[in-house]
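Q: Let me see the structure of the following:
(one chain, ligands or ions: 1)
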Amino acid sequence: MPSHILHQLVDVLMFGRTYPRVHAAMDAAQTTLQSNHRMYFHDDLNLEKTIVIENSIEAGWCFYYHVELDGISDEVGQQDSVATLIDRLLTGRVPFYLSSDGLLTRIAAVGFRQVNGWPPGIVPPALSYEFK
Ligand SMILES: [Zn+2]
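A: I've put the predicted structure just below:
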């Protein structure tokens, strides 16, 4: 199953913030049940409860993407899970929740032509970061 760091990475990509309480509540049974933890708190009833308790539709989407990432991680492994989720978002296989603060939404709003180094084939500029 994906670590909480990956769930929170998806939060930042989708919402521009994290929902640690949502993930902690969903995975409360993880230490004792490992992958079987999804038998609990990963269903539609708990999704609805999350929206009510957090008073946030976005928290419900956080719940939704948590379940998607869990399933994708089983399918392709933890390492490729976030990239696979993004690919499925961009190809419409997973519904895309549009949050104005989400990094993916902000990238789309900027447009690729304005991103440094686009189009491909241009040599990247000198690095401003020094490796130590
Ligand atoms: Zn989980």
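Q: following the top helix by length along the chain, which helix or strand shows up next?
A: Longest helix in the chain by number of residues (criterion: DSSP state H): helix 57-76. From helix 57-76 onward toward the C-terminus, using DSSP states H and E, the following helix or strand is helix 78-90.
Q: immediately after the least confident helix or strand in the chain by mean pLDDT, which helix or strand?
A: Across the helices and strands of the chain, mean confidence by mean pLDDT, DSSP states H and E is lowest for helix 30-33: a mean of 75. Of the helices and strands lying after helix 30-33 in sequence (DSSP H and E), the nearest is helix 44-54.
Q: now that next one: mean pLDDT?
A: Here helix 44-54 scores 96 as its mean pLDDT.
Q: The least confident helix or strand of the chain: which residues count as buried?
A: Buried positions in helix 30-33, judged by neighbour count with 16 or more other C-beta atoms under 10 Å: Gln30. In this view, the C-beta of every residue, glycine as well, is placed from N, C-alpha and C.
Q: just stretch 10-29 next, same as before
A: Under the neighbour-count criterion of 16+ other C-beta under 10 Å, stretch 10-29 has Val10, Asp11, Leu13, Met14, Phe15, Thr18, Tyr19, Val22, His23, Ala25, Met26, Asp27 buried.
Q: And for stretch 94-111?
A: Applying 16+ other C-beta under 10 Å to stretch 94-111 flags Val94, Tyr97, Ser99, Gly102, Leu104, Thr105 as buried.
Q: now those in CSV, with secondary structure and distance to Thr31?
A: Listed next are those as CSV, based on DSSP: H, G, I helix; E, B strand; the rest coil; distance: C-beta to C-beta, whole Å:
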residue, secondary structure, distance to Thr31
Val94, coil, 28
Tyr97, coil, 29
Ser99, coil, 31
Gly102, coil, 30
Leu104, helix, 31
Thr105, helix, 34
